[in-house]
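J.: Have a look; sequence and predicted model below, questions after that.
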Amino acid sequence: MAKIAIIGNGVAGTAAIREIRSLDSDIEIDVFSDERHSYYPKPNLMDYVGGSRGLQEVIRYGPDWYEKLNANLHLSTPVTHIDAGIKALSTPSGAFSGYDSLLIAVGSYPFVPPFEGMDKRNVHVLRTLDDAVDIRKAVKGARREIIVGGGILGIELAVAIKQIGGEPIVVTNIDRLLPIQLDGGASEILIRHLNRMKVETLLGFTCTGMTGEELATGVKSTAGDVVEGDLIVVATGVRSNVELARRSNLSVDRGIVVDDFMQTSAKGIFAAGDCAEWNRTWFGIIPWALSTAKTAAQNMVEFGSSRFGSIVASNTLQVAGIDLTSIGMVHVESPEFDQIVSVNREEGTYYKAVIKDNVVVGGIALGNRKVALKLRTLLSQKIDVSEMRSTIFEID
């Protein structure tokens, strides 16, 4: 009987389990996770911090899910080394050997700049459920919470903290929020929404570290400014988790380098999700994790049966209670692109379509799901919009 080992129990790891089982009911599957909890979607962490989910409600797949799919789940079992030659994995408790194919789906880790004072007791990062538990407890005793970083995680965390009575402020070193997903105009609308929720924002604040002695009392900037607070969460982005692959002599760049079959530089070892880099491309989004995991799983069951074909970068989420979709190319400067923008500050909506050769190649829809769906359809189907430019954001 063939044996597959999966390192990582997140979106990509669990998606691979489902795909493998849809193709083969007999393959033996072993899943290794460094966490003590079984699978939970990372967005559920915000619901927990914000008080809308209890601890057990965060978990999506309990032990029975793995049993039903006949997958052996090894929690609190980090893999420290891969020996591709003898197909063995090293863990703190010993070695696991005998896999036929291996999937590395270890995701990403929080990127923390070299801030002074990161070791202070009231400074946190958010990666795991245990981190979320610590942050929620800390909010109860804090007077003001500082979130360093204006990306998706930072904004969602600030809103969650506000929902349980906190007084959060988001500080970021650039001139807008969600710099990957939004342009300046959309960021302005988002800030107005946050202000109405009493969530403060401070742009252009380049944090260099924490003030205070044993406990942080605030954050300081390159300009010498200080924002005071007694709970600090650093949310300055993520990086692919490539250390295990590097230690195991696999090819790595921004991520673990894979080919069209999601196979790494070592035969029989595959990678998927946030840790995988294909064709010099890497995304830390759920569609990427699902697509790469599906391709990897199909090729672990029958190598050569599936090739990866890329995806369009896309984020669809609710931020501060507002529907937000950002898809494709939203930051362009070349004259070969046309940009159509519609702003309604009173209603709090912002729409943008980026067009090249009369085809939508990117867009932003803030505040209306139907407009987002229309933009996504126009982009995915490559519809000629030459006759609808003036009505491109109108919906039935």
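T.: Everything's here; your move.
J.: From residue 258, how far off is the nearest residue to residue 253 once chain neighbours are set aside?
T.: Nearest non-adjacent residue to residue 253, counting by C-beta to C-beta, 6 or more residues apart in numbering: residue 277, 5.6 Å away. Where you see a C-beta, it was placed from the backbone N, CA and C, and this is true even at glycine. According to C-beta to C-beta, to the nearest Å, residue 277 and residue 258 sit 7 Å apart.
J.: Tell me which of these two has more neighbours.
T.: The neighbour count for residue 277 versus residue 258, taken as other C-beta atoms under 10 Å, is higher for residue 258 (26 against 21).
J.: next SSE after the helix-or-strand element of the chain with minimal mean pLDDT?
T.: None of the helices or strands of the chain scores lower by mean pLDDT, DSSP states H and E than strand 94-97, at a mean of 80. Toward the C-terminus, strand 94-97 is succeeded by strand 101-104 as the next helix or strand (DSSP states H and E).
J.: what lines up beside that next one in the sheet?
T.: Within its sheet, strand 101-104 is paired with strand 3-7 (parallel), strand 269-271 (parallel), according to DSSP bridges.
J.: Please render these as JSON lines that adds mean pLDDT and distance to residue 142 to the earlier fields.
T.: Formatted as JSON lines, the strands paired with strand 101-104 follow (pLDDT from 0 to 100; distance: least, C-beta to C-beta, whole Å):
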{"stretch": "strand 3-7", "mean pLDDT": "98", "distance to residue 142": "36"}
{"stretch": "strand 269-271", "mean pLDDT": "99", "distance to residue 142": "39"}
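J.: Pick the most buried one from these.
T.: Of all the strands paired with strand 101-104, strand 269-271 has the most neighbours on average by mean count of other C-beta atoms under 10 Å, namely a mean of 29.
J.: Which secondary structure state is assigned to residue 284?
T.: With DSSP: H, G, I helix; E, B strand; the rest coil as the basis, residue 284 sits in coil.
J.: what's the distance between it and residue 92?
T.: 28 Å.
J.: quick one, which of these two is more surrounded?
T.: More crowded of residue 284 and residue 92, by other C-beta under 10 Å: residue 284, with 19 against 10.
J.: list the contacts for the nearest residue to that one once chain neighbours are set aside?
T.: Among residues not flanking residue 284 along the chain, residue 274 sits closest, at 4.8 Å (C-beta to C-beta, 6+ apart). The contact partners of residue 274, taken as C-beta atoms under 8 Å, 6 or more residues apart in numbering, are 10, 12, 107-108, 238, 240-241, 255, 282-284, 288-289.
J.: Show the pLDDT at residue 274.
T.: pLDDT recorded at residue 274 is 96.
J.: what do you get for residue 384?
T.: For residue 384, pLDDT reads 97.
J.: So what's the residue count around it?
T.: Neighbourhood size, residue 384 [other C-beta under 10 Å]: 11.
J.: OK, contacts around it?
T.: Counting by C-beta under 8 Å, 6+ apart, residue 384 touches 358, 359.
J.: Give the full set of residues in contact with the residue lying closest to residue 349 once chain neighbours are set aside.
T.: Once flanking residues are discounted, residue 349 sits nearest to residue 367: 3.6 Å by C-beta to C-beta, 6+ apart. With contact set as C-beta under 8 Å, 6+ apart, residue 367 has these partners: 189, 322, 323, 347, 348, 349, 350.
J.: Among those, which ones are in helices?
T.: residue 189 (DSSP state H).
J.: Most neighbours of all the contacts of residue 367, which one?
T.: That'd be residue 350 among the contacts of residue 367, by other C-beta under 10 Å, with 26 neighbours.
J.: isn't that one right next to residue 363, touching?
T.: No - using C-beta atoms under 8 Å as the test, residue 350 is too far from residue 363 to be in contact (10.8 Å).
J.: Now do the residue nearest to residue 284 against residue 44, distance only.
T.: Counting by C-beta to C-beta - residue 274 and residue 44 are separated by 17 Å.
J.: Residue 89 too?
T.: Remark: distance between residue 89 and residue 44 (C-beta to C-beta) = 28 Å.
J.: swap in residue 204?
T.: The gap separating residue 204 from residue 44 is 32 Å, by C-beta to C-beta.
J.: Alright, that wraps it up for me.
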